[in-house]
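K.L.:
Return a 3D structure for these sequence lines:
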Amino acid sequence: MPGIALACLLLLTACGENSDHATAPTDNTSVVPAGPGTCDESKPAGAGAWKPVLTEFRSYLEASGPPDAKDHVKDANLRDCPGGDREANVLTDYDPHLEAPHVDAETKNRADRVAQAFTEWRDQKFHDEGWVYVINGAVETVTKRAW
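P.N.:
Numbering: from 1, shown residues only. Next up is the predicted model:
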């Protein structure tokens, strides 16, 4: 089911039908939600471009993350926000029925562990600040966490 939802999202984005919920990066590697987040896109300075961080984050998860989390993280992207903060979206398959934000406790706990791992990775390696949103295939926030 998550694959179908992601395929539908990709199709809608390609057709421009979902432009207020997703942004296709210029390198066509993935679909990244445009919001919600810490970036205020109404300001003239605007938010930076989304940058893929999946490979680096999966490497961190393999070395230091929760068991099997790496296998459930499907995409990860980061962008700079005006004022120096960062915003990240991590797509997982933890919400297969697309029920966010009303997911069961175990799904929420698993998403929380991924968010915590992401914040630890950013803090340890980059010492920066921002917000991470763990999202599902329908680009809904399952959980969020500041770092």
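K.L.:
Tell me which residue is most central in the chain.
P.N.:
Nearest to the geometric centre of the chain sits residue 89, at 1.6 Å (CA atoms, centre = their mean).
K.L.:
my guess is that one is in a strand, correct?
P.N.:
Yes: Residue 89: assigned to a strand according to DSSP: H, G, I helix; E, B strand; the rest coil.
K.L.:
residues contacting residue 86?
P.N.:
38, 78-80, 122, 128-131 (CB atoms under 8 Å, 6 or more residues apart in numbering). Where you see a C-beta, it was placed from the backbone N, CA and C, and this is true even at glycine.
K.L.:
That one bridge partners, please.
P.N.:
residue 80, residue 130 (DSSP bridges).
K.L.:
what sits up against the longest helix out of those in the chain?
P.N.:
If you go by DSSP state H, the chain has its longest helix at helix 105-126. With contact meaning CB under 8 Å, 6+ apart, helix 105-126 is reached by 56-57, 60-61, 64-66, 69, 72-73, 76, 86, 88, 90, 92, 94-95, 99, 103, 128, 130, 132, 134, 142-147.
K.L.:
List buried residues within the contacts of residue 86.
P.N.:
Among the contacts of residue 86, those classed as buried by 16 or more other CB atoms under 10 Å are 38, 78-80, 122, 129-131.
K.L.:
helices or strands up against the helix or strand where residue 133 lies?
P.N.:
Secondary structure from DSSP states H and E places residue 133 in strand 130-135. For strand 130-135, the elements it packs on are strand 86-92, helix 105-126, strand 141-146, judged by 3 or more CB pairs under 8 Å, 6 or more residues apart in numbering; DSSP states H and E.
K.L.:
Now do the buried residues in the second one.
P.N.:
Looking back up the chat, that one is helix 105-126. Applying 16+ other CB under 10 Å to helix 105-126 flags 107-108, 110-119, 121-122 as buried.
K.L.:
Over to stretch 83-90?
P.N.:
So, applying 16+ other CB under 10 Å, buried residues of stretch 83-90: 85-90.
K.L.:
Just send the contacts of residue 86 back as a markdown table, with pLDDT and distance to residue 46 too.
P.N.:
Shown next, in a markdown table, are the contacts of residue 86 (pLDDT from 0 to 100; distance: CB to CB, whole Å):
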| residue | pLDDT | distance to residue 46 |
| --- | --- | --- |
| 38 | 60 | 13 |
| 78 | 97 | 16 |
| 79 | 94 | 10 |
| 80 | 92 | 10 |
| 122 | 97 | 22 |
| 128 | 92 | 19 |
| 129 | 92 | 19 |
| 130 | 93 | 16 |
| 131 | 94 | 17 |
